[in-house]
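*Asks:* How does the following fold in three dimensions:
(chains A and B)
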Amino acid sequence: MEGLILLIPIALFLGLVGFGGFLWSMRSGQYDDLEGASYRALFEEDDMDKPEK
Amino acid sequence: MADLKSEDAFAGKNAPIENFLVEGLHCPSCIREIEGALQKKSIIKNARLNMTTQRLAVEWADNFPHSTANNDAVIETLKELGFKGYMFKDSPSGAADDKEGRWLLICMAIAGFAMMNIMLFSISDWAGTDMGQETRGFFHWISALIALPACAVAGMPFYKSAWGALKARTLNMDVPISLAVILSLGMSVMQTILRSGDTYYDAAVMLLFFLLIGRFLDRKMRNHARATAHNLMSYRPSKATIVTETGESESCLIEMLRPDMVVRVAPGERIPVDGVIIGGISEVDTSLVTGETLPVSATIEDKVFAGTINISGAIDIRITALSGKTLLDEIIGLMETAEQGRAKYVRLADRAAQIYAPAVHLLALLTFIGWMVLTTVGWQQSLITAIAVLIITCPCALGLAVPVVQIVASSRLFKNGILVKAPDGLERLAEVDVVAFDKTGTLTLGQPEITNGDSLDPAMLELGASLAKTSTHPLCRALIVACHERNIPTIATSSPLHEEPGMGLKAQINGKEVRLGNRDWCQVPADVQKNSRYSELWLKITDEEPVFFAFQDRLRKDAVQVVDWFHKKGFEILLLSGDRPDVVADVAKTLGITDYLGGAKPQDKIDRLEELKAQGKKILMVGDGLNDAPALSAAYVSISPSTAADVSQNAADFIFQSQSLDSIVRAYQISRSSRRLVFSNFALAAIYNLIAVPFAAAGFLTPLICAIAMSASSIVVTANALRLNLVPLFSPNQTRER
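*Replies:* Modelled structure (predicted):
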């Protein structure tokens, strides 16, 4: 039973991390262009010269 | 210079990012080409292309603020790469929609997070028969800690809408949903405090999560359609060429035009404003405005309207004062009156809620009374059982029944090139019994085609084509097409060619003067080949008999099949056109339409529709022109092609993008199928309730049964909606598309 004291906060914490990650990815525009990303993976690195800010 | 300044003010000084719309994107390398080329420019810090929305965001370099010249540079670069670029003006309403969509997504994430964590405790609660009372109570408290704030936030969209409905003294689906959530939470908290039994935190959160998924997808689909519609409208030219008092011409944004300015319109361009011609002579294609297919000749002192196309010569137009008497004002006035006459449509889901909500609440009340009267468990236990009834009749399946079908239907329509603009458009479309078509640009393509080509001497066609080759006039283009179809070579004549705007062309070929143009240009007396039905071109070789080319607007290639299909299904079909009556009669005959009206003004079209409405008919109006816009808003439901005038697209409930009319049949089929599926979903939800309610009323309900019932009913309803993807759709050549 003592394990619960430890496990429940851990479970909640991990859940919150996932939730936070989702909010972050949405705010930073990860879902804005779902089609383009699949194509961009095929580009050579040096073609897109200027780095993203 | 003054102009530049005000232009900057117009676009907003501190906008570091400019959006462009790019046409012609089709492959991955497009992204690389465009971004690569733009980023090499010194004025641009960063360029990013969004494939989903087809929009290009350009961030200017710090020392090069945004200006018209820079915008032009971007559009020019795109042109060099072979893409068409347009300035994109975002509408404020679009941004607000986006914000709301994000809010829904956050609500959904919160509900999802809460649901999974609470499930963790619920499952151990259900499974752990040897769990101590203390531990169980502890788990309930933690669940309450997660569920209460989560439901307070994630349930907002429902509470708000329910409250709005209650204030307006009606019932919508959100009322029972909100009640179920609030009551189940309240009861669970009570049970937790009293340590006296089952809790339903998981059910409340699960209900919200499922419904939010449906709502979010629905909104996303609609936003997608709206963004595409918005894109279509951005293709309109945003600039005009003005002529200053000193006689110089310069480019100017449409929004900057003021009355009494002079605008120069080159041949082939769309006239941007209402005005009076003060210089030049030309012909004007007014089909989008009046439905008339023949080009109208226009010269000094003639009035021209925005949306018409200048065909043969450059003209200077003085913009008439915007005194509220322009053609557009008249049309908009008519539209507003028509709109008011439209009965408010009550959506299926709301109609269901108006039956469902009172029934459920009555049932809960009866349960409470029944337990109070027939047993001795006391009011607390009776209340708990009554609330259990409310929870199990949870509107989960019912709340999803409509949106899930709507989502599947809109996405299937979208794949077929049909955009759903009005949220309730699909439901209304399924109820129509009369189809009213416009002619020009709807049943026909709005492009002329030669009609007497087979009876003419091919040599004459060839000679005509050799002159016509260099011209952009629509009739000349049609002549070239006619030659292509008959495998006649079209080689531009090498001898010097003279073009007289508004008249025709002439050239010296083999020592003879050859003229191609209108009747006057070829000096044909008015009594030869009397004709008011066809657009005409004449070809005259010095002293020979003139040759007559007749042209007619051509039907869309599947117009006959589409009209046939509606006939066979027993629809009344109507043809309303602003074109000349004999032309309309011709088209009606070809298509087998008996009920037609030619030479109709916008008001005439509305009158005809009102007449039918008074007989209780529900009309689907299909039209594209400015003159159709009032009729589009007066009809029960309306569809426009994407080539339609802006105003018409705004008025229409659906927009179709393809060249062929089969979209209309498909939209109708999908709307019928989705209506059928909505009803079968209602039936499924009713069956579910019939089974579950007796259990709950008898007090057998446990949280486990509740959770299983809820997810199972949602899955059944969703799976049923997905069947819409299996419905075969109409295809003109009778091979059925899946």
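*Asks:* any weak-confidence spans in chain A?
*Replies:* Within chain A, the stretches with pLDDT under 70 are A:1, A:44-53.
*Asks:* repeat that with 90
*Replies:* A:1-12, A:14-16, A:18-19, A:22-53 (pLDDT under 90).
*Asks:* where do the helices sit along chain A?
*Replies:* A:2-27, A:36-40 (DSSP state H).
*Asks:* show me the contacts for the nearest residue to residue B:702 once chain neighbours are set aside.
*Replies:* The shortest distance from residue B:702 to any residue other than its chain neighbours is 6.1 Å, reached at residue B:198 (C-beta to C-beta, 6 or more residues apart in numbering or on different chains). For every residue, glycine as well, the C-beta is placed using N, CA and C. Neighbouring residues of residue B:198 by C-beta atoms under 8 Å, 6 or more residues apart in numbering or on different chains: B:191, B:702, B:703.
*Asks:* where does the stretch 101-250 of chain B come near chain A, residue by residue?
*Replies:* Those residues of the stretch 101-250 of chain B that sit near chain A, judged by C-beta under 8 Å from any C-beta of the partner chain, are B:102, B:105-106, B:109-110, B:113, B:116-117, B:120, B:135, B:138, B:142, B:146.
*Asks:* re the thing from before, so which of the helices of chain A gets nearest chain B?
*Replies:* Each of these has some distance to chain B by C-beta to the nearest C-beta; the shortest is helix A:36-40, at 3.4 Å.
*Asks:* circling back to that earlier point, buried subset of the contacts of residue B:198, written for ChimeraX?
*Replies:* Listed next is the ChimeraX selection for buried residues among the contacts of residue B:198, using 16 or more other C-beta atoms under 10 Å in any protein chain shown:
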select /B:191,703
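*Asks:* So which of the contacts of residue B:198 sit within helices?
*Replies:* Using DSSP H, these in helices are B:191, B:703.
*Asks:* who does whatever helix or strand residue B:20 lives in pair up with?
*Replies:* Element membership for residue B:20 (DSSP states H and E) is strand B:17-23. Sheet pairing for strand B:17-23, assigned by DSSP bridges, gives strand B:55-60 (antiparallel), strand B:84-87 (antiparallel).
*Asks:* circling back: pick the most deeply packed of the helices of chain A.
*Replies:* helix A:36-40 (a mean of 15; mean count of other C-beta atoms under 10 Å in any protein chain shown).
*Asks:* Summarise which helices and strands that one is packed against.
*Replies:* helix B:28-39 (3 or more C-beta pairs under 8 Å, 6 or more residues apart in numbering or on different chains; DSSP states H and E).
*Asks:* How many neighbouring residues does the spatially closest residue to residue A:35 that is not a sequence neighbour have?
*Replies:* Spatial nearest neighbour of residue A:35, excluding adjacent residues (C-beta to C-beta, 6+ apart): residue B:51 at 4.0 Å. Applying other C-beta atoms under 10 Å in any protein chain shown, we find 19 other residues in the vicinity of residue B:51.
*Asks:* Surely residue B:206 and residue B:712 touch.
*Replies:* No: judged on C-beta atoms under 8 Å, residue B:206 makes no contact with residue B:712 at a distance of 11.7 Å.
*Asks:* the more surrounded of those two?
*Replies:* residue B:206 (25 against 13).
*Asks:* And the average pLDDT for the helix or strand where the more buried one lies is what?
*Replies:* The secondary structure element spanning residue B:206 is helix B:201-234 (assigned by DSSP H and E). On average, the pLDDT along helix B:201-234 is 81.
*Asks:* For the next helix or strand after it, buried residues please.
*Replies:* Using DSSP H and E, the helix or strand that follows helix B:201-234 in sequence is strand B:239-243. Using 16+ other C-beta under 10 Å as the test for burial, strand B:239-243 gives B:239, B:240, B:241, B:242, B:243.
*Asks:* re the thing from before, could you dump the helices of chain A to a markdown table with distance to residue B:423?
*Replies:* Below are those laid out as a markdown table (distance: least, C-beta to C-beta, whole Å):
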| stretch | distance to residue B:423 |
| --- | --- |
| helix A:2-27 | 24 |
| helix A:36-40 | 28 |
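*Asks:* Using CSV, write down the CA coordinates of stretch A:6-23.
*Replies:* Provided in CSV are the C-alpha atoms of stretch A:6-23 (Å, rounded to 0.1, in the frame of the first residue of the first chain):
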residue,chain,number,x,y,z
LEU,A,6,4.8,7.1,-4.6
LEU,A,7,3.1,5.6,-7.7
ILE,A,8,0.0,7.9,-7.8
PRO,A,9,2.0,11.1,-8.0
ILE,A,10,4.3,9.5,-10.6
ALA,A,11,1.4,8.5,-12.7
LEU,A,12,-0.2,11.9,-12.5
PHE,A,13,3.1,13.6,-13.2
LEU,A,14,3.7,11.5,-16.3
GLY,A,15,0.2,12.3,-17.5
LEU,A,16,0.8,16.0,-16.9
VAL,A,17,4.0,15.8,-18.9
GLY,A,18,2.1,14.3,-21.8
PHE,A,19,-0.6,16.9,-21.6
GLY,A,20,2.0,19.7,-21.4
GLY,A,21,3.8,18.3,-24.4
PHE,A,22,0.6,18.3,-26.4
LEU,A,23,-0.1,21.9,-25.5
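*Asks:* Contacts for that stretch, please.
*Replies:* B:106, B:109, B:110, B:113, B:116, B:117, B:120, B:142, B:146.
*Asks:* Max pairwise distance over those: which two?
*Replies:* Pairwise distances across those peak at 22.8 Å for B:106 and B:142 (criterion: C-beta to C-beta).
*Asks:* Helix, strand or coil: sort out residue B:519 for me.
*Replies:* The three-state label given to residue B:519 by DSSP: H, G, I helix; E, B strand; the rest coil is coil.
*Asks:* my read: it touches residue B:536, true?
*Replies:* Yes: in this structure, residue B:519 is within contact of residue B:536 by C-beta under 8 Å, at 6.9 Å.
*Asks:* between the contacts of residue B:198, which is nearest chain A?
*Replies:* Looking across the contacts of residue B:198 and measuring by C-beta to the nearest C-beta, the closest to chain A is residue B:703, at 19.5 Å.
*Asks:* Which residue comes closest to the closest one once chain neighbours are left out?
*Replies:* residue B:198 (5.0 Å).
*Asks:* Ramachandran angles for the one you found?
*Replies:* Torsion angles at residue B:198 (phi, psi; degrees, to the nearest 10) stand at phi -80, psi 150.
*Asks:* quick one: it and chain A, what's the gap?
*Replies:* 21 Å (C-beta to the nearest C-beta, to the nearest Å).
*Asks:* Same check on residue B:704?
*Replies:* From residue B:704 over to chain A the distance is 21 Å, taken as C-beta to the nearest C-beta.
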